[in-house]
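Asks: Show me how the following folds:
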Amino acid sequence: MASIKYSIKSGIIAFFILSAAPVFSETGTSRHFNLGGGWALSGMRDEGLSPLYYSGSHIYAGTGVRSFSDTRLLVADMDFITGIISPAINPELTDSHMRNANMQINVAYLRPAGKVFNDYLSLFLGGSIGSEFAYYRHNQFINNAITVYSINTVNLDSQVSYSFSGKQREYLIALRAYLPVVSFLIRPDFAYIMPSGFLDHSTGNLKSLINSMEISSLNRYFSLNSNLYFEYALSNSNALRVQYKWQFSNHRDQNRLTSATHGIMLQTMFNF
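Replies: Okay, here's the model as predicted:
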């Protein structure tokens, strides 16, 4: 548990350090700090806890930094959701539910890969690193009520953007998607019905933590993350953004974990 908390603190510090990198002056560069909130529908099935799929409404908040020039696109984002999830099948027949919280950090570097349609449509390709930290607590379990995990990834990243103007305003529609190719997972087994690792107390806590670590590729951990943006430029060089997020992930483990999230958020983008 202490190592997970340390990873979360380290991830937050790294996020702000990397977010500060694009601040240095560069000709032709636009930089924005974005902040906002909204609503998300998120669900998960952790077969170590239950064969049922749990889902529910969540509060959705996000912040980040974007730096754009003719030669590169830098993005650093941090999203957080929290809510109550219940069994998706006949939730009215049970009092079972879980408190769910999830934080994601992503830092991306992309390069222009071409333009079409009179330079209105642009393609960017590159890579990113990401971290996900999750916590959920079941209301009816005692010894295995709390579950935490951490997933850190190296991703292939891309973005397609379409910019246009109308009524003396600038608009941008962008679709960004990234796919993990290498993942480092920490999923302690102390909350699971058929455990390994953490319940092997004879090995000690340190060895138990090490036993719960895993380096995986697409054959063991698959995830697809996408964000659709619509941005409306304001007269003071700031902007308003509506963002739709869709994410799916699947970890093929003895305690298989599947999760999915749909979220919509309104953000203000401050130029600096």
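
Asks: What ranges does this protein have for its strands?
Replies: 30-46, 54-68, 73-87, 98-116, 121-138, 146-166, 169-186, 213-216, 221-233, 239-251, 257-271 (DSSP state E).

Asks: Kindly present the ones you listed as TSV, with separate columns for mean pLDDT and mean neighbour count.
Replies: In short, each C-beta sits where N, CA and C put it, glycine included. As requested, the strands of the chain are exported to TSV (pLDDT from 0 to 100; neighbours: other Cβ atoms under 10 Å):
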stretch	mean pLDDT	mean neighbour count
strand 30-46	95	19
strand 54-68	96	20
strand 73-87	96	20
strand 98-116	95	18
strand 121-138	95	19
strand 146-166	93	17
strand 169-186	94	17
strand 213-216	90	14
strand 221-233	95	18
strand 239-251	96	18
strand 257-271	96	18
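
Asks: What's opposite the residue lying closest to Gly263 once chain neighbours are set aside in the beta bridge?
Replies: Excluding the flanking residues, the one nearest Gly263 by Cβ to Cβ, 6 or more residues apart in numbering is Ala40, at 3.4 Å. With DSSP bridges as the criterion, Ala40 is bridged to His58, Gly263.

Asks: Contacts only, for Ala40.
Replies: 57-60, 81, 83, 245, 261-264 (Cβ atoms under 8 Å, 6 or more residues apart in numbering).

Asks: Next one: it from Arg66, what distance?
Replies: 21 Å (Cβ to Cβ, to the nearest Å).

Asks: Residues in a beta bridge with Thr153, which ones?
Replies: Gly130, Ser183.

Asks: thought it was touching Pro180?
Replies: Yes. Under the criterion of Cβ atoms under 8 Å, Thr153 makes contact with Pro180 at 3.7 Å.

Asks: joint contacts of the two?
Replies: Contacts common to Thr153 and Pro180, judged by Cβ under 8 Å, 6+ apart, are 130, 223.

Asks: center of the chain, which residue is that?
Replies: Gln104 (3.7 Å; Cα atoms, centre = their mean).

Asks: Which residues does Tyr244 form beta bridges with?
Replies: Counting by DSSP bridges, the residues bridging with Tyr244 are Leu228, Ile264.

Asks: quick one: contacts for it?
Replies: With Cβ under 8 Å, 6+ apart, Tyr244 has these contacts: 227-228, 262-264.

Asks: Distance of it relative to Ser42?
Replies: From Tyr244 to Ser42 the distance is 14 Å (Cβ to Cβ).

Asks: so what sits against both of those two?
Replies: By Cβ under 8 Å, 6+ apart, the residues touching both Tyr244 and Ser42 are 262-263.

Asks: any idea how far stretch 256-272 is from the chain center?
Replies: Taking Cα atoms, centre = their mean, to the nearest Å, one finds stretch 256-272 lying 8 Å from the centre of the chain it belongs to.

Asks: Was I right to think Phe272 contacts Phe33?
Replies: Yes. Counting by Cβ under 8 Å, Phe33 is a contact partner of Phe272 at 6.1 Å.

Asks: What pLDDT is listed against Ala191?
Replies: As predicted, Ala191 sits at a pLDDT of 59.

Asks: Make 212 the starting number, not 1.
Replies: With 212 as the first residue, the last one maps to Ala402.

Asks: who's Leu390 bridged to?
Replies: Applying DSSP bridges, one finds that Leu390 bridges with Leu367.

Asks: Then Met255?
Replies: Tyr265, Ser470.

Asks: gap between it and Tyr265?
Replies: 6 Å.

Asks: Quick check: neighbours shared by the two?
Replies: Common neighbours of Met255 and Tyr265 (Cβ under 8 Å, 6+ apart) are 296, 311.

Asks: Let me see the contact set for the closest residue to Tyr440 other than its chain neighbours.
Replies: Once flanking residues are discounted, Tyr440 sits nearest to Ala385: 4.6 Å by Cβ to Cβ, 6+ apart. Contacts for Ala385 were tallied using Cβ under 8 Å, 6+ apart; they are 370-373, 439-440, 442.
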